Every structure is written in structure tokens, then in C-alpha cells.
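Q: Predicted model and sequence below, questions to follow.
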Amino acid sequence: MNFKEIHIGTLINQAVIENKIELSRICKFMKCTEQEVNEMYSMSSLEIEVVLKWSKLLEYDFFRLYSQHLILYAPIKKDDSEKVINNYKSSLPQFRKNIYTKEMIDYILNKIDTGAMKKSEIKERYNIPTTTLYKWISKYKNSTK
């Protein structure tokens, strides 16, 4: 899975095909026409509420795709010292920093195996702790071959 370029319509269409969901059921659940459903399949982005409905209907968390994109491609977070100095605390909910899926771990280990990136580059670019990276290497090294 390429997390850099997410075409949500194509992924939703793929999930519909895999789950063998009938178009009539989709239209009834989404409260839209067949033409509107087909238009959604061709769109690279959709409104959040629409993606939420698709996630419920197909029982798949499409938002996780975007979370994985952020983990892999978001700029490295700046030091939190500025927030501490200004005594800043966000009112937004705080979640676990990173949730690494098996696909992401395989992707990162593949970068190391192929020599595309060094361990130090992986740690710096994706902000992965050294202990976490070495645990992945020892745990998944044999299973990826």
C-alpha cells in the first residue's frame, strides 16, 4: 500500500468489491443515487462525514490510512520546549503518538534490507525510537523473508 498517494474513492470501491456489497444497499445507507456513488469512486478525496459513513458501512477504518500517511510523511515535530515556556495546553484530545501497522513495519524494514535507508535515517525521518526499531528487526526479520 502506498500511503503517500491516497485515492480514497478507489480504495472504497475496492472494499465494496471485496465485501460484495450491493449498490442498492449502499445507496440506501448513504442516502444517495447510484450515479453519486460512482462519482465517489472516482474522487481522490471526500468529506469527512462521507468517509465516516463508508467506514461504518464497510466496517473498515479509512481514517487509519491518513494516520499512516501522517506518521510516514509529516514533518518532524519541533521541540515541545516552546509549548512548555508558554504554558500552552491544547484542549484537543491527545492520542498515542504513533500507531505502527504491520504494513508500515514491513515497509520500514524493507527500506533497511534493500539499503535504501540506513537505520539512523529511519530513526531521524520517521522519529522511531532506537529500541523500537531494533525490536522490530529482531521480531520481524525472519518473517519478512
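A: Cool, got the structure.
Q: So Val37 is in contact with Lys28, correct?
A: No. Between Val37 and Lys28 there is no contact under CB atoms under 8 Å: 10.9 Å. (Glycine included, C-beta is placed from N, CA and C.)
Q: Quick check on those two: which one has the bigger neighbour count.
A: Higher neighbour count among Val37 and Lys28: Val37, with 16 against 10, using other CB atoms under 10 Å.
Q: Not counting sequence-adjacent ones, nearest residue to the more buried one?
A: Excluding the flanking residues, the one nearest Val37 by CB to CB, 6 or more residues apart in numbering is Ile26, at 5.5 Å.
Q: Repeat that for Ala15.
A: Per CB to CB, 6+ apart, closest to Ala15 is Leu58, 4.6 Å.
Q: Please give me every residue in contact with that neighbour.
A: Leu58 sits next to 12, 15-16, 19, 21 when contact means CB atoms under 8 Å, 6 or more residues apart in numbering.
Q: Mind doing that once more with 7 Å?
A: With contact set as CB atoms under 7 Å, 6 or more residues apart in numbering, Leu58 has these partners: 15-16, 19.
Q: Tell me how far it lies from Leu23.
A: 13 Å (CB to CB, to the nearest Å).
Q: likewise Asp61?
A: 23 Å.
Q: With Glu59 instead?
A: Glu59 is 18 Å from Leu23, by CB to CB.
Q: Among the contacts of Leu58, which ones are in helices?
A: Counting by DSSP state H, these place 15-16, 19 in helices.
Q: ok, of these, which come out buried?
A: If you count burial by 16 or more other CB atoms under 10 Å, the buried members of these come out as 15-16.
Q: Buried residues in stretch 16-26, which are they?
A: Buried, per 16+ other CB under 10 Å, within stretch 16-26: 16, 26.
Q: my bad, should have said stretch 52-71
A: Buried, per 16+ other CB under 10 Å, within stretch 52-71: 53-55, 57-58, 60, 62, 65, 68, 71.
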